[in-house]
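**Q** please find the sequence and the predicted model below.
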Amino acid sequence: MKKQIITDKITYIEPDSMANFTSCSGIIIQSKAKVFIDMNMGAKETPIILKEEKPDAAIVTHYHLDHSIWTRYVTQYSEAAVYIPKAEEPYFTSLDFVIENTAEPFGEGERWKDFVENYLGYKPLRQYECYDKLTTFKEFVPELVLIETPGHSPSHTSFYFPDDKILFSGDMGLDRFGPWYGWADCSIKQIVDSILRLDGMDVKLILTSHGGVLKKDFQMEWANCIETLLKREKKIVKKLEQGLSKETIIEQGIFFKDKTIVKEPMKSFLYMWDTAMYNHHESLINEGGLINFFPEILPMID
Ligand SMILES: [Fe+2]
């Protein structure tokens, strides 16, 4: 784990490895009480840091397992209350629901279930509270502001500290990979909406889940995210015009380029996620494309 002190209240924690989607970066907030957000440091490190830091609350930005699997350890190794997004509750409480709403429609239900259950260690969450846009966390971190940023997941939430102008952006795509929407419950339109909302905010620092700490050029960073979406769309349109099939376009890569060199089961998952991302682009293209819905993004990328 790598700890980075951001302010006297906020510490940014990065896991040793983010391989195989098992972990993400998170934050520890020492305010009225101690709060963890997305502290998914892996199966070894998470119990250690829970015992060391003794948080009072543990919050998750969204249900994706690289952000949420650690909530299974929280009540075992600390006294903290676990807070999950209300709109994503069944993803935390039912493995069947997870599989049915993620991999099953892509014919990968069994392989994904095995990975989620036996490799990632999914267990239905039993002790938890739900939060939504009206939740204030005032007994833990009164200064914390929740910002709904759906698209990457149905109710992905970002967290803002107005006093310090610090944003914890979660999985908004501010990393070298760009925005991800590899499940059917993702939405490119919502991602753009969320990016535009965050882009308008007064920030001095952005803490990301997979891309470290951003200290400057925030507008350019958000514009890059949107440009990445547009580039992917344009590439698909071009390939379709050239007569390439859906399978070939997915094979060549939407998000993941060199899928053939990856070992199973990850290889199948990468195909599945690229298929979902292709599907999202395809329906948007059929509706006239991204610019049709967001003409305001054109000047951002010029
Ligand atoms: Fe995610």
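**A** Perfect, thanks for sending it.

**Q** tell me who's in contact with the closest residue to the ion within the stretch 1-150 of the chain.
**A** Nearest residue of the stretch 1-150 of the chain to the ion, counting by Cβ to the ion: H64, 3.4 Å away. The way it works is simple: take the backbone N, C-alpha and C, and place the C-beta from them, glycine included. Contact analysis of H64 by Cβ atoms under 8 Å, 6 or more residues apart in numbering lists H152, S153, D171.

**Q** which one of those residues sits closest to T46?
**A** D171 (18.4 Å; Cβ to Cβ).

**Q** what's around that closest one, how many residues?
**A** 26 (other Cβ atoms under 10 Å).

**Q** you'd agree it is up against H210?
**A** Yes. Counting by Cβ atoms under 8 Å, D171 touches H210, with 7.0 Å between them.

**Q** now do the contacts for the residue nearest the centre of the chain.
**A** In the chain, the C-alpha nearest the mean C-alpha coordinate belongs to D171, at 3.2 Å (Cα atoms, centre = their mean). Shown in contact with D171 (Cβ under 8 Å, 6+ apart): C24, T61, H62, H64, H67, H152, S153, H156, W180, S209, H210.

**Q** in helices, which of those appear?
**A** H67 (DSSP state H).

**Q** any of the contacts of D171 buried? List them.
**A** Neighbour-count burial (16 or more other Cβ atoms under 10 Å) applied to these gives C24, T61, H62, H64, H67, H152, S153, H156, W180, S209, H210.

**Q** for the fifth one, what are its contacts?
**A** What that stands for is H67. By Cβ under 8 Å, 6+ apart, the neighbours of H67 are C24, D38, N40, V60, T61, G170, D171, S209.

**Q** give the closest residue to the residue of the stretch 201-302 of the chain found nearest the ion in space, chain neighbours not counted.
**A** Closest contact between the stretch 201-302 of the chain and the ion, by Cβ to the ion, is at S209 (7.2 Å). Residue nearest to S209 in three dimensions, not counting chain neighbours: C24, with 4.4 Å by Cβ to Cβ, 6 or more residues apart in numbering.

**Q** so who does the one you found touch?
**A** P15, M18, D38, N40, D66, H67, D171, S209, H210.

**Q** swap in 6 Å and give it another go.
**A** Contacts for C24 (Cβ atoms under 6 Å, 6 or more residues apart in numbering) come out as D38, N40, D66, H67, S209.

**Q** JSON lines for these, including pLDDT?
**A** Below are those laid out as JSON lines (pLDDT from 0 to 100):
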{"residue": "D38", "pLDDT": "98"}
{"residue": "N40", "pLDDT": "96"}
{"residue": "D66", "pLDDT": "95"}
{"residue": "H67", "pLDDT": "96"}
{"residue": "S209", "pLDDT": "96"}
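
**Q** the nearest residue to M266 once chain neighbours are set aside: neighbour count?
**A** Excluding the flanking residues, the one nearest M266 by Cβ to Cβ, 6+ apart is N20, at 6.8 Å. Neighbourhood size, N20 [other Cβ under 10 Å]: 13.

**Q** ditto for I48
**A** I48, neighbours per other Cβ under 10 Å, totals 14.

**Q** read off the pLDDT value for it.
**A** On the pLDDT scale, I48 is placed at 96.

**Q** now T248
**A** 97.

**Q** which SS state does it fall under?
**A** helix (DSSP: H, G, I helix; E, B strand; the rest coil).

**Q** how near is it to K267?
**A** From T248 across to K267, the span is 17 Å (Cβ to Cβ, to the nearest Å).

**Q** again, but for L207
**A** L207 is 32 Å from K267, by Cβ to Cβ.
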